[in-house]
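Trainee: Provided below for reference: sequence and predicted model.
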Amino acid sequence: MIHLSVNLNKIALIRNARGGKLPDVLLAASRAEEYGANGITVHPRPDERHITYQDVVDLKSVVNTEFNVEGYPDRKFMDLVCKVRPHQVTLVPDAPDALTSSAGWNANREKDFLKEIVAELKSNGIRTSLFMDTDISMYDAAAATGADRIELYTEAYATGYKEDSSGAVKPYVAAAEAAHKFGLGINAGHDLNSANLRFFAQEVPHLLEVSIGHALISEALYLGLENTIQIYLRQLK
């Protein structure tokens, strides 16, 4: 079964809007696991506008499934994840002021930089994933960094799904097949939701994990967290 990792950034964003500890990110992680989530994802930003660095530390002792931490590998981030040692770190090429992730790594250009980062993470026993577009010309270099997986950036699929689902998913099928040939595991995320997830999961080969936050948490406001997680899990079966 494809794993569902629930991204808690939006829970933390609501908390930070008011201050204090409500909603409780740690409780949300525990409940998400209780309701069937296969993992928990967080993406601390330099300005800590949602998930804070302390949240990452605190979550390590709470998460009993798979803990995935996303971020740009500056020194502060690297010190954090090497201290916490989550199961997986997903490296993203975001600028410090990025609102959300909007592009994958240029692995051809950044190969040497990423190779050093990946080596440091792996020396700490951390599985690594690179946030990547569907440009398969990058995958040889991505594999050469030593990364274990890539996470396919799925905004283009989500945008094109309603008008042409087959056309929208086609580049991801090719990307997954190419990455698999290079020995890379396949994750995916960004703008996947309960409407477009089932088709993506059916069509894209070798898919191991999806991380979903914005849509899932938004739907949970209407349907409840337990019900929403169950809906997403059904799309992946």
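Mentor: In hand now; what should we look at? Owing to the predicted nature of the structure, the values given are computational and were not obtained by experimental measurement. Residues are numbered from 1 along each chain as shown.
Trainee: so what pairs up with the residue nearest the centre of the chain in the strands?
Mentor: When the chain is reduced to its mean C-alpha position, the nearest residue by C-alpha atoms, centre = their mean turns out to be Ser211, at 4.4 Å. Using DSSP bridges, the bridge partners assigned to Ser211 are Ser5, Gly189.
Trainee: just checking, it touches Ser5?
Mentor: Yes: if you go by C-beta atoms under 8 Å, Ser211 and Ser5 touch, sitting 4.2 Å apart. To be clear about C-beta, it is placed using only N, CA and C from the backbone, and glycine gets the same treatment.
Trainee: which residues are in contact with each of these two?
Mentor: Taking C-beta atoms under 8 Å, 6 or more residues apart in numbering as the contact rule, Ser211 and Ser5 both touch Gly39, Thr41, Asn68.
Trainee: of those, buried ones?
Mentor: Gly39, Thr41, Asn68 (16 or more other C-beta atoms under 10 Å).
Trainee: secondary structure, distance to Arg31 and pLDDT added to the residues you listed, as CSV?
Mentor: Listed next are these as CSV, based on DSSP: H, G, I helix; E, B strand; the rest coil; distance: C-beta to C-beta, whole Å; pLDDT from 0 to 100:
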residue, secondary structure, distance to Arg31, pLDDT
Gly39, strand, 14, 98
Thr41, strand, 15, 98
Asn68, strand, 18, 98
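Trainee: and which of those residues is nearest to Ala178?
Mentor: Nearest to Ala178 among the buried ones among the shared contacts of Ser211 and Ser5 is Asn68, at 23.0 Å by C-beta to C-beta.
Trainee: how close does the closest one get to Leu130?
Mentor: According to C-beta to C-beta, to the nearest Å, Asn68 stands 13 Å off from Leu130.
Trainee: sticking with the closest residue in space to Lys21 that isn't next to it in sequence, tell me its helix or strand.
Mentor: The shortest distance from Lys21 to any non-neighbouring residue, by C-beta to C-beta, 6 or more residues apart in numbering, is to Arg15 (6.7 Å). Secondary structure from DSSP states H and E places Arg15 in helix 9-18.
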